[in-house]
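Q: got a predicted model here, sequence first, then my questions.
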Amino acid sequence: MTIYWSSSAEGFFDSRISAQLPLDVVEISSAYREALIAGLQSRKVIVAGPDGYPVLQDTPPPNPDESSTIERAWRDNELARIKWLRERHRDELEMNLDSTISAELFVELLAYIQTLREWPQSRDFPMVMNRPRAPNWINDIVK
């Protein structure tokens, strides 16, 4: 087995699987491929060095506009992820059924939803490490 990396394809190729290879492939060891993959998990990117050989490079910081867009999308997805829980609770109450979550947990859910709505106006926006955190019980219920 031979492992290759291509800068034009921005990916790895395995000689056992890939019959056609891009013209710019360079052979690398399996161990080096694993090191590169580990680097990706450390928020680095793989780029071609001067000789075409893949090297790890720090990810450039996103520009503020991109960060804001990313964080707004995260917030919108988070609201969509938990909306059903709020709606189920309200429906259960309207149908005079026992609610799945307690009134206290419902208040926590509403507080989290409000925090998400206010996130873009926060002075800590759009820093990922300062995102609103869901109460643990929400994450246990909503996967």
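A: That came in fine, so what should we check first? Residues are numbered from 1 along each chain as shown.
Q: where along this protein do the strands fall?
A: 3-6, 11-14, 26-28, 44-48, 54-58 (DSSP state E).
Q: winner for burial among those?
A: strand 3-6 (a mean of 20; mean count of other CB atoms under 10 Å). Every C-beta, even on glycine, is put in place using the N, C-alpha and C of the backbone.
Q: how about residues contacting that one?
A: Applying CB atoms under 8 Å, 6 or more residues apart in numbering, the external contacts of strand 3-6 come out as 11-15, 18, 21-22, 24-30, 32-33, 36, 46, 53-54.
Q: also stretch 36-56?
A: Counting by CB under 8 Å, 6+ apart, stretch 36-56 makes contact with 5, 7, 10, 24, 26, 28, 32, 57-59, all of which sit outside it.
Q: stretch 8-17 now?
A: Surrounding stretch 8-17, the residues in contact under the criterion CB under 8 Å, 6+ apart are 1-6, 21-25, 28, 33, 46.
Q: any idea how far residue 34 is from residue 97?
A: Residue 34 sits 53 Å away from residue 97, going by CB to CB, to the nearest Å.
Q: show me which helix runs longest in this protein.
A: The helix spanning the most residues in the chain, taking DSSP state H as the definition, is helix 64-94.
Q: which strands and helices sit next to that one?
A: Taking 3 or more CB pairs under 8 Å, 6 or more residues apart in numbering; DSSP states H and E as the contact definition, the neighbouring helices and strands of helix 64-94 are helix 103-118, helix 136-141.
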